[in-house]
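Q: just a sequence and a predicted model for now, questions to come.
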Amino acid sequence: MIQLYGHELSGNSYKVKLLLSLLGLKFEWIKVDLLQGEHKQPPFLALNPFGQVPTLVDGATVLSDAQAILTYLARQYGGDRWLPLEPVALAQVVRWLSTTAGEVRQGPESARLYHLFNAKTIDLDRANQKAEFILSQLDRHLSDRQWLEFDRPTIADVAVFPYVALAPDGQIDLAPYPHVLAWIDRVKQLPGFVGMRSIEALAHA
């Protein structure tokens, strides 16, 4: 069975859990206690020398980095639906994986770390500026489309979703971004959607 090592407050752990659920895959969740430094202890470092969550174990395959894990799961279990192989389409999805590790990390994710985990080394003004930039870009991009690319969700949506939806944890108001809010609701309506703290699944009648 697939094993996912992560922490319940980690948006990067959550995005892997979300894709596993959307794909209907069974997995074992193994908590890594970040607050107690378990990710820096020899047993976990033997699995992932970077000392980061998430880490995925699928048989003999061991992978770290959330975006890399999403790519693996999409190709191994999801086919072209979640990650197309046509060159231009593939590039369009990968662009959002880079955006996740760049602008989203520098903006909403950093603001959340500052407020939720007391990460005072983070430049909050810069994080807020980055957040305003990427949220404005996303809102404009989503003004005439349902998903980040194509007519269906892909791992682009799964990668970007968590830290955007968690922006209020970083005291970032999403109200000025109505298209982003509508997209968040669409993601929550996907079959197999699961939430995490601060991201509740929509109630279905």
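A: Yep, it's here.

Q: now do the SS call for residue 30.
A: The three-state label given to residue 30 by DSSP: H, G, I helix; E, B strand; the rest coil is strand.

Q: skipping adjacent residues, who's closest to it in space?
A: Distance criterion CB to CB, 6 or more residues apart in numbering; nearest residue to residue 30, sequence neighbours excluded, is residue 5 at 4.8 Å. Quick note: C-beta positions are derived from backbone N, CA and C, even for glycine.

Q: could you say which helix or strand holds that neighbour?
A: Per DSSP states H and E, residue 5 falls inside strand 2-6.

Q: just the buried residues of that strand, please?
A: Going by neighbour count (16 or more other CB atoms under 10 Å), the buried part of strand 2-6 is 2, 4, 5, 6.

Q: got the contact list for it?
A: 12-14, 16-17, 20, 25-32, 44, 47-48, 53-58 (CB atoms under 8 Å, 6 or more residues apart in numbering).

Q: just the buried residues of those residues.
A: Among the contacts of strand 2-6, the ones that count as buried by 16+ other CB under 10 Å are 12-14, 16-17, 20, 25, 27, 32, 44, 47-48, 53-58.

Q: so residue 161 is in which element?
A: Going by DSSP H and E, residue 161 is in helix 155-165.

Q: pull out the buried residues from the helix or strand just after that helix.
A: Remark: after helix 155-165, the chain's next helix or strand is helix 178-188, criterion DSSP H and E. Buried residues in helix 178-188, defined by neighbour count with 16+ other CB under 10 Å: 180, 181, 183, 184, 186, 187, 188.

Q: tell me which strands and helices helix 178-188 is in contact with?
A: With contacts taken as 3 or more CB pairs under 8 Å, 6 or more residues apart in numbering; DSSP states H and E, helix 178-188 sits against helix 124-141, helix 155-165.

Q: will you turn those into TSV that also has mean neighbour count, mean pLDDT and distance to residue 103?
A: Formatted as TSV, those follow (neighbours: other CB atoms under 10 Å; pLDDT from 0 to 100; distance: least, CB to CB, whole Å):
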stretch	mean neighbour count	mean pLDDT	distance to residue 103
helix 124-141	17	98	4
helix 155-165	26	98	10
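
Q: right, so of these, which gets closest to residue 68?
A: Among the helices and strands packed on helix 178-188, helix 155-165 comes nearest to residue 68, with 10.7 Å by CB to CB.

Q: contacts only, for the residue lying closest to residue 120 once chain neighbours are set aside.
A: Using CB to CB, 6+ apart and skipping the chain neighbours, the partner closest in space to residue 120 is residue 114 (7.0 Å). Going by CB under 8 Å, 6+ apart, residue 114 touches 120, 122, 124, 127, 170.

Q: which of those sits closest to residue 80?
A: For the contacts of residue 114, the nearest to residue 80 is residue 170 (34.6 Å; CB to CB).

Q: low pLDDT regions in this protein?
A: 35, 37, 202-205 (pLDDT under 70).
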